[in-house]
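In: Sequence first, predicted model second:
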Amino acid sequence: MLTGFLLTDTNDKNIAIGFSVPKKRVPHAVDRNRIRRLMRECVREHGGELFTIFREKNVGAKIVLMFKGEKGKQIDRLSLRDVVPAWLAIQQQILKAI
């Protein structure tokens, strides 16, 4: 459902997260905005551990989350509980990479 990209920068100690929902996969702007809001809320609720570890290691990062969608899932019925498992999996991959 989500893919993530991580770029670390030793000079910049800030953490930035970007959210991308391609128009090709989600043609309606209302749905794209809703998915971005869900992704932001998910990171806000479940990203505390990741940000704490980055601060402890004194490392900056730029993270981009991109919505891929799933076959058989209707976009208008997507909820936060659908996004959370994908974010937690990406978060584990990021933690292994740093």
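Out: Thanks, I have the structure now.
In: For the rest of this, base every contact and every neighbour count on C-alpha atoms.
Out: OK.
In: for this protein, what spans make up the strands?
Out: Applying DSSP state E to the chain gives strands spanning 2-9, 15-20, 60-67.
In: Using a markdown table, lay out those strands together with mean neighbour count, distance to Gly48 and mean pLDDT.
Out: Formatted as a markdown table, the strands of the chain follow (neighbours: other CA atoms under 10 Å; distance: least, CA to CA, whole Å; pLDDT from 0 to 100):
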| stretch | mean neighbour count | distance to Gly48 | mean pLDDT |
| --- | --- | --- | --- |
| strand 2-9 | 16 | 17 | 70 |
| strand 15-20 | 15 | 12 | 89 |
| strand 60-67 | 18 | 14 | 87 |
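In: for the residue nearest to the spatial centre of the chain, what are its contacts?
Out: Nearest to the mean C-alpha position of the chain, by CA atoms, centre = their mean, lies Leu65 at 3.8 Å. Neighbouring residues of Leu65 by CA atoms under 8 Å, 6 or more residues apart in numbering: 2-5, 17-20.
In: And those, which is closest to Ala61?
Out: Ile17 (8.3 Å; CA to CA).
In: got the contact list for that closest one?
Out: By CA under 8 Å, 6+ apart, the residues touching Ile17 are 62-65.
In: Can you tell me which of the contacts of Leu65 is closest to Gln93?
Out: Among the contacts of Leu65, Gly4 lies closest to Gln93 (CA to CA), at 8.9 Å.
In: Now Val43: closest residue in space that isn't a chain neighbour?
Out: Once flanking residues are discounted, Val43 sits nearest to Trp87: 7.4 Å by CA to CA, 6 or more residues apart in numbering.
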